[in-house]
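**Student:** got a predicted model here, sequence first, then my questions.
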Amino acid sequence: MNKKIIGSLLSFVLLLLLVIPQNASAAVWWDGVELKKGQIGRLTVLKQTDLYKWDGNNKTFARKLNAGETYRIYTFLPGKLGLGGGYYIDRDTRVKYQTPSKEKLQALGVKVTNNKYQGLLDYPQVTGLVSKTAQDKINEAFKKHIRSSFNSYTQLEADEQEFRQDHLDEYGYPVPEDEEWMYSFDYEVYYEIKYNENNQLSVLIYDYMYMGGAHGMSIVTSYNFDVLTGQRLYLGNVAKTSTALSKIKKYSITDLTNRANRGESIFTEYLNEIEINNDRPFYFTSNGIAIKFGEYEVAPYSEGMPEVKIPYKVFR
């Protein structure tokens, strides 16, 4: 392949990096061009400059960048700006470098770190938000949840010891090995980050409790936030009228009924009884929301926690 073809292909790839949206419904725009995840800025070529490949040791010329061309910047090194894929240009008077606002960068997604409460239970925390007040509000909501979970965990531990002592008092010997499953309690917490774009954050936290028997039970709590303000958002903040909530319920019933007709195990006789209100767990999607149903609420245990994804156009 000759150098002219290689240069044309490279130009085409760089153009794609600049202008093709990954998800139009969740795009963050900066002066009419989509800001991409991982992007830290953009450059405008003022005078023709060299694009080269840099591997940390060797510098290989790729092609010339012409005045007026613009490119996304994903990283920088001393005196260099990175266009991605190991390609760099020299940061000098031949180029103009600009960075987006902190709010726009945050809209690409906030950093969520995993923490352990008392070294036992996992819970999320957010860091680096534009607003420290918003960050503190969000983190306190997660901490409040995990403190409650830990109280349930310690209570379950105490219940297990009490039941074991009751067995010893009644029978005069500890729980035998073949009955351990009835006296081995368990409490776990885990979470899923379901949406983290456009200054909205959706996290589902699951509390799982096992008290002997065939299986344990889980409860899901949804946490949806405006990360600019730290406000926790409930379903009523998204579907703001009773009519909108009714449309969500109708859509959910239709979706679940259709799934039952396709052979899924759905309790269709109880669907009209489902409640769609601020207690309903949900999370944001790129073009709407998804609502969650609890175990046994609309389907048998084997189906877990069914969910229905609802486009905004259904209720807005």
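**Tutor:** Now that the structure is in, tell me what you want to look at. Numbering: from 1, shown residues only.
**Student:** export stretch 250-258 to PDB, keeping only CA atoms.
**Tutor:** What follows is stretch 250-258, C-alpha atoms only, in PDB (Å, rounded to 0.1, in the frame of the first residue of the first chain):
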ATOM      1  CA  LYS A 250     -50.100   0.800  30.700                       C
ATOM      2  CA  TYR A 251     -46.900   0.400  28.700                       C
ATOM      3  CA  SER A 252     -45.500  -2.000  31.400                       C
ATOM      4  CA  ILE A 253     -48.600  -4.100  31.500                       C
ATOM      5  CA  THR A 254     -48.600  -4.400  27.700                       C
ATOM      6  CA  ASP A 255     -44.900  -5.300  27.500                       C
ATOM      7  CA  LEU A 256     -45.100  -7.900  30.300                       C
ATOM      8  CA  THR A 257     -48.300  -9.400  28.700                       C
ATOM      9  CA  ASN A 258     -46.500  -9.700  25.300                       C
END
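**Student:** let me see the ranges of the helices in the stretch 1-150 of the chain.
**Tutor:** 3-19, 102-107, 132-171 (DSSP state H, counting those that start in this stretch).
**Student:** which of these sits most buried?
**Tutor:** The highest mean neighbour count among the helices of the stretch 1-150 of the chain, using mean count of other C-beta atoms under 10 Å, belongs to helix 102-107: a mean of 18. Placement of C-beta: from N, CA and C, glycine included.
**Student:** just checking, what packs against that one?
**Tutor:** Judged by 3 or more C-beta pairs under 8 Å, 6 or more residues apart in numbering; DSSP states H and E, the packing partners of helix 102-107 are strand 28-30, strand 33-35.
**Student:** name the residues that touch that helix?
**Tutor:** Helix 102-107 has contacts (C-beta atoms under 8 Å, 6 or more residues apart in numbering) with 28, 30, 35, 40, 129, 130, 197, 198, 199, 227, 228.
**Student:** for this protein, which spans come out with low pLDDT?
**Tutor:** 1-26 (pLDDT under 70).
**Student:** can you report phi and psi for the residue of the chain most remote from its centre?
**Tutor:** The C-alpha centroid of the chain is most remote from residue 172, which lies 51.6 Å away (C-alpha atoms, centre = their mean). Main-chain torsions, residue 172, degrees, to the nearest 10: phi 80, psi 10.
**Student:** mind listing the residues bridging to residue 123?
**Tutor:** Counting by DSSP bridges, residue 123 forms beta bridges with residue 115.
**Student:** hang on, I meant residue 28
**Tutor:** Counting by DSSP bridges, residue 28 is bridged to residue 35.
**Student:** count of residues packed around it?
**Tutor:** Close neighbours of residue 28, defined as other C-beta atoms under 10 Å, add up to 20.
**Student:** that older thread, mind putting the helices of the stretch 1-150 of the chain in TSV, distance to residue 300 included?
**Tutor:** As requested, the helices of the stretch 1-150 of the chain are exported to TSV (distance: least, C-beta to C-beta, whole Å):
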stretch	distance to residue 300
helix 3-19	47
helix 102-107	40
helix 132-171	25
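**Student:** tell me which of those helices sits nearest to residue 73.
**Tutor:** Smallest distance to residue 73 across those (C-beta to C-beta): 10.6 Å, for helix 3-19.
**Student:** so residue 295, which of the three states?
**Tutor:** coil (DSSP: H, G, I helix; E, B strand; the rest coil).
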